[in-house]
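Visitor: heads up, no residue letters with this:
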Ligand SMILES: *Cc1c(COP(=O)(O)O)cnc(C)c1O
């Protein structure tokens, strides 16, 4: 069929109209949110809208598509796989993609990790981690029911994951139904005294089940970063208090920070690690929760009830496993490693360059993550966010500002010219404020 630009905008209008009549979007107040943007395709670092405009995907579609969209290696591997095994029950049956992925993950994860449990998104990966920790103690006849979590942490939207998340504005209606959670402040320096006091108290009472944390960078809290030394002290205190460590690496995993997993930058290794997002490079949904031999052994028994009775229909879906395997192969290529390094250096350089600007309250970066806080009055956040979003869209850049924070987490293949565009567009914005 022939198409011209008039047809294209007709298609765009049509899509938005049909959307409004039938769809309920995530994290959206339909009564007040700004207009939707229809996306028709994505390739490499770009998203293309239904009018034919393109945008740099500066947040890798929520930290998933780090090798670029529709990477041919990944799409080819998955289309080969879908010719012979699409989906199968994973209780009582097994298959090559799941076994090969588990072996590969254990090779790259911190060396104390011994088993991989699959689910189908980040929230379920966190939920599984929480349930593993609670049952770990239960199976040993210990009553440990309190979970520890950071203020402003984010671990997902299912009940367990939501309970441990600290961004309460969104979770108000459910706060009476939450798990038992104590919160500690994120370590701002190497001396997390307040956190250590709370942990010691829980230790004395013998009620601490585990601590769930986003190591080094809190994504949903607007890319807040904390000290590895401070975190290390907290991790050691939790261990001393008898709790398990549950590292939520759903955002940080697969090369977002300086290392493949942020946990590698800490001496104390987690007992449980939650993964999703870049695990499958954005092609298919998948969650994975790894654990140490000690955790697995606490469930290993002739008693059926000591087993872990958790499962999802799409557990270890062969196509998702195949996408994850292809993604890990890409991760190890020189091109990707060079890209991560190059982006990290460019971010550091840009951070220095704008640090003294009067419109900048502060900048921070870690690996491929860059964030800057604008110097603006808090009451302007609401409308400011939408204006910033539109400003970048108009410049051909897709990102999601949070409050007064603008952050980038570009795909590892982003060329210098595109990075330059992110920086120069940002500088122009700063000069206009
Ligand atoms: C995105 C995210 C989750 C939740 O993952 P979903 O797939 O959106 O359910 C959990 N923890 C962290 C740190 C995340 O960034």
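Guide: Sure, I can see it. Just so it is clear, the model here is predicted, and its values are computed rather than measured.

Visitor: Check the secondary structure at residue 387 for me.
Guide: Classification of residue 387 using DSSP: H, G, I helix; E, B strand; the rest coil returns helix.

Visitor: give me the residue from the stretch 251-400 of the chain nearest the ligand.
Guide: residue 251 (3.4 Å; CB to the nearest ligand atom). Using the backbone N, CA and C atoms, a C-beta is placed for each residue, glycine as well.

Visitor: Looks to me like that residue is in a strand.
Guide: No: assigned with three-state DSSP, residue 251 falls outside any strand and is coil.

Visitor: change the start of the numbering to 6 and stick with it
Guide: Taking 6 as the first residue, the last one we looked at is residue 256.

Visitor: Quick check, it in contact with residue 282.
Guide: Yes: using CB atoms under 8 Å, residue 256 makes contact with residue 282 at a distance of 6.2 Å.

Visitor: who touches both of these two?
Guide: Residues touching both residue 256 and residue 282 (CB atoms under 8 Å, 6 or more residues apart in numbering): residue 68.

Visitor: Name the single longest helix found in the protein.
Guide: The helix that spans the most residues within the chain, counting by DSSP state H, is helix 339-359.

Visitor: who touches that one?
Guide: Here helix 339-359 makes contact (CB under 8 Å, 6+ apart) with 72, 260, 263, 335, 365, 368-370, 372-375, 377, 413, 415, 417-419, 421, 424, 428, 431-432, 435.

Visitor: Buried residues in it, which are they?
Guide: When burial is assessed from 16 or more other CB atoms under 10 Å, helix 339-359 yields the following buried residues: 341, 344, 345, 347, 348, 349, 351, 352, 355, 356.

Visitor: Among these, which ones lie close to the ligand?
Guide: The subset of those within reach of the ligand, by CB under 6 Å from any ligand atom, is empty.

Visitor: Can you pick out the most distant pair from these?
Guide: 341 and 356 (22.6 Å; CB to CB).

Visitor: Residues of the stretch 6-155 of the chain that sit close to the ligand?
Guide: So the stretch 6-155 of the chain meets the ligand at 126, 127, 128, 131 (CB under 6 Å from any ligand atom).

Visitor: among the residues you listed, which two are most distant?
Guide: Between all members of these, the farthest pair (by CB to CB) comes out as 126 and 131, at 9.4 Å.

Visitor: Spit out the residues that contact those two alike.
Guide: Both residue 126 and residue 131 are in contact with residue 161, where contact means CB under 8 Å, 6+ apart.

Visitor: Neighbour count: the two, which is higher?
Guide: Using other CB atoms under 10 Å, the more surrounded residue of residue 126 and residue 131 is residue 131, with 31 against 20.

Visitor: tell me which element that one falls in.
Guide: Here residue 131, judged by DSSP states H and E, is contained in helix 127-143.

Visitor: can you state the direction angle for the next helix or strand after that helix and helix 127-143?
Guide: Using DSSP H and E, the helix or strand that follows helix 127-143 in sequence is strand 151-155. Computed with axes from the mean of the first three to the mean of the last three CA atoms, to 10 degrees, the direction of strand 151-155 lies at 140 degrees from that of helix 127-143.

Visitor: Tell me how far strand 151-155 lies from the chain's centre.
Guide: Distance, stretch centre to chain centre, for strand 151-155: 19 Å (CA atoms, centre = their mean, to the nearest Å).

Visitor: ok, which stretches of this structure are helices?
Guide: With DSSP H as the criterion, the chain has helices at 10-27, 65-68, 77-89, 101-113, 127-143, 164-169, 198-210, 233-245, 298-302, 323-336, 339-359, 386-399, 421-437.

Visitor: Export those helices to TSV and append columns for distance to residue 179 and mean pLDDT.
Guide: Shown next, in TSV, are those (distance: least, CB to CB, whole Å; pLDDT from 0 to 100):
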stretch	distance to residue 179	mean pLDDT
helix 10-27	26	78
helix 65-68	22	98
helix 77-89	36	98
helix 101-113	32	98
helix 127-143	14	98
helix 164-169	6	96
helix 198-210	24	97
helix 233-245	26	97
helix 298-302	28	98
helix 323-336	29	98
helix 339-359	37	98
helix 386-399	23	89
helix 421-437	37	97
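
Visitor: Figure out which of the ones you listed is closest to residue 292.
Guide: Closest of the helices of the chain to residue 292 is helix 127-143, at 3.3 Å (criterion: CB to CB).

Visitor: now for that closest one, which elements pack on it?
Guide: Helix 127-143 makes packing contacts with strand 118-124, strand 151-155, helix 164-169, strand 213-218, strand 249-253, strand 277-280, strand 292-297 when contacts are defined by 3 or more CB pairs under 8 Å, 6 or more residues apart in numbering; DSSP states H and E.

Visitor: Ranking the helices of the chain by mean neighbour count, which comes first?
Guide: Mean neighbour count, computed with mean count of other CB atoms under 10 Å, is highest for helix 127-143 among the helices of the chain, reaching a mean of 25.

Visitor: Next, the angle from that helix to strand 118-124.
Guide: Relative orientation of helix 127-143 and strand 118-124, computed by the same axes, to 10 degrees: 130 degrees.

Visitor: neighbouring contacts of helix 127-143?
Guide: The set of residues external to helix 127-143 that reach it, using CB under 8 Å, 6+ apart, is 122, 124, 148-150, 152, 160-166, 169, 184, 214-215, 217, 248-249, 251, 253, 255, 276-282, 292-294, 296, 300, 303-304, 313, 315, 317.

Visitor: How far away from the center of its chain is it?
Guide: What separates the centre of helix 127-143 from the centre of its chain is 17 Å, taken as CA atoms, centre = their mean.

Visitor: Drop anything exposed from the contacts of helix 127-143.
Guide: Among the contacts of helix 127-143, those classed as buried by 16+ other CB under 10 Å are 122, 124, 149, 152, 160-162, 165-166, 169, 184, 214-215, 217, 248-249, 251, 253, 255, 276-282, 292-294, 296, 300, 303-304, 313.
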